[in-house]
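[1] got a predicted structure plus its sequence, pasted below:
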Amino acid sequence: SYFDLEKEADLHNSIGEFFPLEAVTDSYSWKADAPVFLPVVPVTKSKPGYSRISIHTPQKQLDNLLAVGYNSYTYYKCEKEGTISSNEQFYVGKPIPLKQDPKKKKLVMAIFVDSLTWKFLEDEHFQQFMPHTKKFFEKGLICTNAYSGSEYTYPSIATYATGLESQNHMMLNLAVKYPIPENQETLFETFKKAGYMTAKIGGNDGDTPNFGYLRGVDRCLYRFTSNNYGVVETVGDVIDQLEAFKDCNQFIWMEDCDLHDVAGGFQRTIDVEAKLEPEFHGVDNDLVSTVKQKYSENKCRIYEQEARHFDLHMSMLYQYLEDNYRDDEMVITFFADHGTAFMVQNERPFMSARRTNVPLMFRDGVKKDICNELIQSTDFAGILCKIANVPRTVSDDSNLPVYFGGEKQREYAMSQSIFPGDTYKIVFYDKDGTCNIESADPVQNDCRFSLEGCSIVLHDHDWNEYEDVKKKEMYLNIVRDKMKYLLLYNE
């Protein structure tokens, strides 16, 4: 807190701002090939406005400058070289060069929306509840056949960030909260290596800073999203980021959880609740975890209004982008980590399309089309780098779709649930329909499981069950191969 020096800050009640630390010192010198941005915060708990800063460069000798706040950054735009000093120690973040490579995109932005299912948009709701998003991305590419790797955020978003299937990154057990493997390059690190100023803005509890999502990030804003850090707040912070670093090539990851919090039963904004009849607040499903809920007609109606609310505030960002960037200067992508449980009809399998078929859209000034090729979330990072012309040599589980210049289409896309205490579940989507496999026994705490006695069910696109012994055996063998390190061999 700026005024209450005794109150400890936390990321539930305050926004945390992170920069890579360069030094803890009372004097720091730098030399760069462009003007730099220096974030500085005093170490000691001095009264606000007490710390004095001097900045000496070949062009200017500035003394008695204020470091304005306690526990918050003061930002200095400085010349190419110089020295910053103080009457007391301070933290200084790694200098950010304010320069732009004209050969690179001015902006690459990833908009991550938690719990948005493509089936909701496909069912004629896109124009009705998200017209601004539809209008913005209709000028680009809309992928209709994209699938998340997992059923909830912690494992799913790790796949987007690394290109690894969940059994390979092993971010599976929330009781352990394992971070991204250190030997796996993240999407942020890829763009950082390519010369982009990288930022992550949002408050999803599935990709927190301590899960490895600060790696390769120049600036991160984080506050637990369900405590007033939703789309209203993040849109403003993203626009501030865009303005502050206009002189840089920027990669920005923006995230929003407002739709996710409908399942959580959190109070909605006045704008959303004013559009709802009182009966839609009624409890019509089991109030268990957000992932395991049954179908709820009432929550579907709340979700519609939440989507409209999200889209309304995103329209300001879309307009800003169109006002400040030509299409060939930016790549904007929009995606989700999974669908939502209360939209899945109770008779459908747990891993159904309303849980796993997610929106994936791109706007780059080149492609204006609909892509129906099978895509799974492992492919996301490779596709984005391909569109942005950013080199990526990471070893992962991705496939570059033919539509984007790859050599072959996927024969299937898969989504799976490896959740300790629940049965293992996986669904394969292919040209004929789906194959759902579910174990008989629950997954252990170490994420191992047995396939003995598992069920295997095939459905066509019209949801008619059919038999194909060879196809069932093929998919079972794929699971055995992919999960060989997690299988209990008691079959």
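    All right, it came through fine.

[2] going forward, measure contacts and count neighbours with C-alpha atoms only.
    Noted.

[3] mind listing the strands for the stretch 351-491 of the chain?
    Residue ranges of the strands in the stretch 351-491 of the chain, as given by DSSP state E, counting those that start in this stretch, are 360-363, 369-371, 375-376, 413-417, 423-430, 433-442, 455-460, 465-466.

[4] just put the ones you listed in TSV and tack on distance to Y75 and mean neighbour count.
    What follows is the strands of the stretch 351-491 of the chain, written out as TSV (distance: least, C-alpha to C-alpha, whole Å; neighbours: other C-alpha atoms under 10 Å):
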stretch	distance to Y75	mean neighbour count
strand 360-363	32	24
strand 369-371	42	15
strand 375-376	40	29
strand 413-417	44	24
strand 423-430	49	23
strand 433-442	52	20
strand 455-460	58	16
strand 465-466	62	12
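
[5] now distance to N183 too, for those, in TSV please.
    As requested, the strands of the stretch 351-491 of the chain are exported to TSV (distance: least, C-alpha to C-alpha, whole Å):
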stretch	distance to N183
strand 360-363	27
strand 369-371	33
strand 375-376	22
strand 413-417	23
strand 423-430	27
strand 433-442	30
strand 455-460	35
strand 465-466	43
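
[6] so which of the ones you listed gets nearest N145?
    strand 375-376 (6.2 Å; C-alpha to C-alpha).

[7] out of the strands of the stretch 351-491 of the chain, nearest to R52?
    Here strand 360-363 is closest among these (C-alpha to C-alpha), at 45.8 Å.

[8] which outside residues touch that closest one?
    137, 139-144, 146, 327, 330-336 (C-alpha atoms under 8 Å, 6 or more residues apart in numbering).

[9] now do M171 against Y152, distance only.
    11 Å (C-alpha to C-alpha, to the nearest Å).

[10] wait, T57
    51 Å.

[11] what pLDDT does the model give H12?
    Listed pLDDT for H12 reads 74.

[12] so who does it touch?
    In this structure, H12 makes contact with R223, F224, N227, judged by C-alpha under 8 Å, 6+ apart.

[13] isn't D432 up against D460?
    Yes - counting by C-alpha atoms under 8 Å, D432 touches D460, with 5.7 Å between them.

[14] skipping adjacent residues, who's closest to S51 in space?
    A67 (5.4 Å; C-alpha to C-alpha, 6 or more residues apart in numbering).

[15] look up phi and psi at that neighbour.
    phi -100, psi 100 (degrees, to the nearest 10).

[16] that one is in contact with T74, isn't it?
    Yes - assessed by C-alpha under 8 Å, A67 is found in contact with T74 at 5.7 Å.

[17] now do the shared contacts for these two.
    V40, V41.

[18] so between the two, which is more surrounded?
    Neighbour comparison, A67 and T74: the larger count goes to A67, with 22 against 16 (by other C-alpha atoms under 10 Å).

[19] the more buried one and W30: what is the separation?
    Taking C-alpha to C-alpha, one finds A67 at 19 Å from W30.

[20] including neighbour count, distance to D256 and secondary structure, could the contacts of H12 go into TSV?
    Output for those, formatted as TSV (neighbours: other C-alpha atoms under 10 Å; distance: C-alpha to C-alpha, whole Å; DSSP: H, G, I helix; E, B strand; the rest coil):
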residue	neighbour count	distance to D256	secondary structure
R223	23	11	coil
F224	21	11	coil
N227	13	12	coil
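
[21] could you say what helices and strands the helix or strand where Q127 lies packs with?
    Q127 belongs to helix 126-129 when assigned by DSSP states H and E. Judged by 3 or more C-alpha pairs under 8 Å, 6 or more residues apart in numbering; DSSP states H and E, helix 126-129 is in contact with helix 297-324.

[22] give the buried residues for the helix it packs on.
    297-300, 302-315, 317-318, 321 (16 or more other C-alpha atoms under 10 Å).

[23] same check on stretch 279-288?
    Applying 16+ other C-alpha under 10 Å to stretch 279-288 flags F280 as buried.

[24] out of everything not next to it in sequence, what's closest to N227?
    H12 (6.4 Å).

[25] A helix includes the one you found, no?
    No - per DSSP: H, G, I helix; E, B strand; the rest coil, H12 lies outside any helix segment and is coil.

[26] show the contacting residues for R448.
    L486, L487, L488.

[27] E22 now?
    Contacts of E22 by C-alpha under 8 Å, 6+ apart are Y91, V92, G93, K94, P95.

[28] out of these, which is most surrounded?
    V92 (26 neighbours).

[29] out of the contacts of strand 360-363, which are inside strands?
    L141, I142, C143, A146, M330, V331, I332, T333, F334, F335, A336 (DSSP state E).

[30] distance of the residue lying farthest from the centre of the chain from L116?
    Distance to the chain centre peaks in the chain at Q61, reaching 43.0 Å (criterion: C-alpha atoms, centre = their mean). Distance, Q61 to L116, by C-alpha to C-alpha: 53 Å.
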